[in-house]
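A.B. asks: Could you work out the structure for the sequence below:
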Amino acid sequence: MNDHYNIIVIGSGPGGYIAALKAAQMGATVAVVEKHHLGGTCLNYGCIPSKALLSSAELLHHIEDATKWGVSVNGGATFDWKAIQKRKDKVIRQLRGGVGSLFKGRKVALYEGTGRLAGTGTVIVTPESGDAQTITADKIILAVGSMPVRIPGWPTDANVVCTSDEAVHWTDLPKRLLVVGGGVIGCEFACMMQSYGVDVTIVEMMPKLLPGLDEDLADALEATFRGRDIAIHTDVKVEDMQLVDDGAAAKLSTGETLNVNRVLVSVGRAPNTQDLGLETVGIETTKRGFIPVDDHMQTSAAGIYCIGDANGRCLLAHAASAHGVCAVENALGHAKSFDAPIPS
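C.D. replies: The predicted structure follows:
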């Protein structure tokens with residue numbers, strides 16, 4: 001492969017791979033650096049696997065509810081968790097392969113390894129094994145995404161105290177699950193797991209579920225959850241978390257202790273901007289680690305753009321894709337401001 005390109009994209013999530021394909025479509029020579037699987041969080045740990053699991057849960061829920069619609073299902077419905085996971089894994093593999101095929105079709109060079117800035121226009125790619133490689137470009141787009149927040153001081157055993165990264169790939173189901181955080185992700189998993197027969201409890205420190213969204217939505221969702229026997233503790237904090245023989249014990253601010261088999265921590269996401277070499281080009285992050293950009297997705301360093309979760313503007317896959325198109329058009333000299341409204 002060449003070692004100099006018009007554009008290097010670090011990260012191949014829904015922001016990075018769209019940016020790479022757009023740039024190639026516009027005639028640029030493009031390289032993508034990816035340290036894990038093609039597709040980023042969305043394809044491997046987020047939107048795609050969670051919706052694959054949720055679609056099976058929804059189907060199961062409809063079948064169990066069929067009599068309300070005048071439909072009789074003789075013998076009731078059962079499910080095979082291993083088969084559900086197998087289908088989910090197949091969906092992921094197919095989509096990864098699709099991204100790879102698109103890269104080949106548009107002659108996007110793929111470098112497998114961790115990408116780190118090493119001064120203006122320079123990226124060092126370090127694979128899991130083998131020697132590091134230096135590549136250069138006229139412009140660089142950072143599409144490094146984000147990761148689930150883990151709570152300092154809590155047990156680090158990801159088999160018991162998990163995030164969504166682990167939860168979408170669980171090989172078995174817990175009998176009792178505590179979801180810490182009643183936001184969108186926490187509520188999605190609560191709904192899904194209850195359909196699979198898991199005893200679910202949600203603890204949310206804010207007064208209502210779905211903080212930041214309309215309270216009417218939270219009220220409706222809470223009523224639905226209570227009707228499905230999902231226990232809800234709002235305006236409550238988890239003050240301590242300890243491992244016990246069969247899982248974890250969570251001490252709540254109410255004085256109650258919950259004993260569960262597994263904990264899903266769903267309290268937000270943090271940008272993957274550590275050890276990215278930002279100091280070599282003079283880029284400073286916010287206190288929360290996000291990379292500030294202007295309306296052209298341009299960072300404070302000339303020729304370097306940042307898109308998607310890492311810039312903190314909107315942590316949604318379709319927003320990252322739109323950021324990517326905007327960044328590429330600006331990087332290739334077509335001035336464009338990002339002014340697309342993003343409805344909730």
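
A.B. asks: which strand is the longest one in this protein?
C.D. replies: strand 133-142 (DSSP state E).

A.B. asks: Buried residues of it, list them for me.
C.D. replies: 135-137, 139-142 (16 or more other CB atoms under 10 Å). C-beta here means a position set from N, CA and C on the backbone, and glycine is covered the same way.

A.B. asks: Stretch 223-241 too?
C.D. replies: 225, 230, 232-234, 236, 238, 241.

A.B. asks: Could you list which of these belong to strands?
C.D. replies: 232-234, 238, 241.

A.B. asks: Can you convert the residues you listed into TSV and add a column each for pLDDT and distance to residue 104?
C.D. replies: Formatted as TSV, these follow (pLDDT from 0 to 100; distance: CB to CB, whole Å):
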residue	pLDDT	distance to residue 104
232	97	48
233	97	50
234	97	50
238	97	47
241	96	46
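
A.B. asks: Looking at those residues, which is nearest residue 116?
C.D. replies: residue 241 (33.7 Å; CB to CB).

A.B. asks: Quick check: that closest one vs residue 263, distance?
C.D. replies: Separation of residue 241 from residue 263 (CB to CB, to the nearest Å) stands at 7 Å.

A.B. asks: Now do the shared contacts for these two.
C.D. replies: 161, 248, 250 (CB atoms under 8 Å, 6 or more residues apart in numbering).

A.B. asks: So what would you say the end-to-end distance of stretch 110-120 is?
C.D. replies: The first residue of stretch 110-120 is 21 Å away from its last residue (CA to CA, to the nearest Å).

A.B. asks: tally of neighbours for residue 212?
C.D. replies: As a burial measure, residue 212 scores 10 neighbours (other CB atoms under 10 Å).

A.B. asks: Now it: closest residue in space, sequence neighbours ignored.
C.D. replies: Counting by CB to CB, 6 or more residues apart in numbering, residue 212 lies nearest to residue 183, which is 7.8 Å off, once chain neighbours are set aside.

A.B. asks: list the contacts for the one you found?
C.D. replies: Residue 183 neighbours (CB under 8 Å, 6+ apart): 204, 209-212, 266-268.

A.B. asks: Can you give me the buried ones in stretch 301-315?
C.D. replies: 301, 303-315.

A.B. asks: Pull the most distant pair out of those residues.
C.D. replies: The widest separation within the buried residues of stretch 301-315 (CB to CB) is 24.9 Å, between 303 and 315.

A.B. asks: Pairing partners for the longest strand of the chain, with directions?
C.D. replies: As defined by DSSP bridges, the strand partners of strand 133-142 come to strand 4-10 (parallel), strand 122-126 (antiparallel), strand 304-306 (parallel).

A.B. asks: Let me see the ranges of the helices in the stretch 51-200 of the chain.
C.D. replies: For the stretch 51-200 of the chain, applying DSSP state H, counting those that start in this stretch gives helices covering 81-105, 164-167, 184-195.

A.B. asks: picking up where we left off before, please tabulate the shared contacts of residue 241 and residue 263 in CSV, including the columns neighbour count and pLDDT.
C.D. replies: Listed next are the shared contacts of residue 241 and residue 263 as CSV, based on neighbours: other CB atoms under 10 Å; pLDDT from 0 to 100:
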residue, neighbour count, pLDDT
161, 24, 97
248, 21, 97
250, 22, 97
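
A.B. asks: so residue 295 sits right up against residue 330, yeah?
C.D. replies: No - using CB atoms under 8 Å, residue 295 is not in contact with residue 330, being 9.5 Å away.

A.B. asks: more crowded one of the two?
C.D. replies: Taking other CB under 10 Å, residue 295 and residue 330 do not tie; residue 330 has more neighbours (21 against 12).

A.B. asks: Give me the phi and psi for that one.
C.D. replies: Per-residue torsions, residue 330: phi -70, psi -40 (degrees, to the nearest 10).

A.B. asks: So it is in contact with residue 296, correct?
C.D. replies: Yes - under the contact definition of CB under 8 Å, residue 330 touches residue 296, with a separation of 4.4 Å.

A.B. asks: Low-confidence regions, the stretch 151-300 of the chain specifically.
C.D. replies: Applying pLDDT under 70 to the stretch 151-300 of the chain flags no residue at all.

A.B. asks: what do you get for the stretch 1-150 of the chain?
C.D. replies: 1-2.

A.B. asks: let's see 90
C.D. replies: 1-2, 64-69, 71-77, 128-130 (pLDDT under 90).

A.B. asks: mind checking how far stretch 295-309 is from the chain centre?
C.D. replies: 21 Å (CA atoms, centre = their mean, to the nearest Å).

A.B. asks: same question, stretch 128-148
C.D. replies: On CA atoms, centre = their mean, the centre of stretch 128-148 falls 19 Å from that of its chain.

A.B. asks: Between the two ends of that stretch, how far is it?
C.D. replies: 23 Å.

A.B. asks: What of stretch 172-189?
C.D. replies: Using CA to CA, the two ends of stretch 172-189 sit 15 Å apart.
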